[in-house]
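Participant: sequence plus predicted model, see below.
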Amino acid sequence: MFERMTMLKEKREGERQSEVNRRLEKHFKATTDELRKEDGKFYTHGTQLEREKQLIDKRRKIDQQQ
């Protein structure tokens with residue numbers, strides 16, 4: 001019983017530590033201007049690529065219908 005309790009405590013502490021680390025990293029990224037700028041560029045570029053793929057697919061579909 002004691003071993004199980006110890007194991008569960010260690011598991012809970014590990015989960016807590018990973019949540020703390022995740023939140024610290026998120027806070028760091030949110031407060032660093034250069035990282036926010038690069039993240040914005042990354043997501044903008046990804047959105048542009050997805051939009052281009054959609055336009056190409058739409059054009060192919062229209063060409064096939066004709």
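Facilitator: That came in fine, so what should we check first?
Participant: okay, helices next: where are they in this protein?
Facilitator: 2-31, 33-65 (DSSP state H).
Participant: rebuild the ones you listed as CSV, extending it with mean neighbour count.
Facilitator: Every residue, glycine included, has its C-beta placed from N, CA and C. Compiled in CSV, the helices of the chain are given as follows (neighbours: other Cβ atoms under 10 Å):
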stretch, mean neighbour count
helix 2-31, 10
helix 33-65, 10
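Participant: turn those helices into JSON lines, including mean pLDDT.
Facilitator: What follows is those, written out as JSON lines (pLDDT from 0 to 100):
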{"stretch": "helix 2-31", "mean pLDDT": "93"}
{"stretch": "helix 33-65", "mean pLDDT": "93"}
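Participant: break the protein into its domains for me.
Facilitator: As given by automatic domain parsing, the domain ranges for the chain are 1-31, 35-66.
Participant: run the chain-centre distance for the longest one.
Facilitator: I take that to be domain 35-66. Centroid separation for domain 35-66 versus its chain: 19 Å, with Cα atoms, centre = their mean, to the nearest Å.
Participant: got it, and the first one?
Facilitator: Remark: domain 1-31 is offset 19 Å from the chain centroid, using Cα atoms, centre = their mean.
Participant: state the distance from residue 27 to residue 34.
Facilitator: Computed as Cβ to Cβ, to the nearest Å, the residue 27 to residue 34 distance reads 15 Å.
Participant: sorry, that was for residue 28
Facilitator: For residue 28, the distance to residue 34 - Cβ to Cβ - is 12 Å.
Participant: do the same with residue 6
Facilitator: Residue 6 is 44 Å from residue 34, where distance means Cβ to Cβ.
Participant: same check, this time on residue 15
Facilitator: For residue 15 relative to residue 34 (Cβ to Cβ), the value is 31 Å.
Participant: understood, closing this out.
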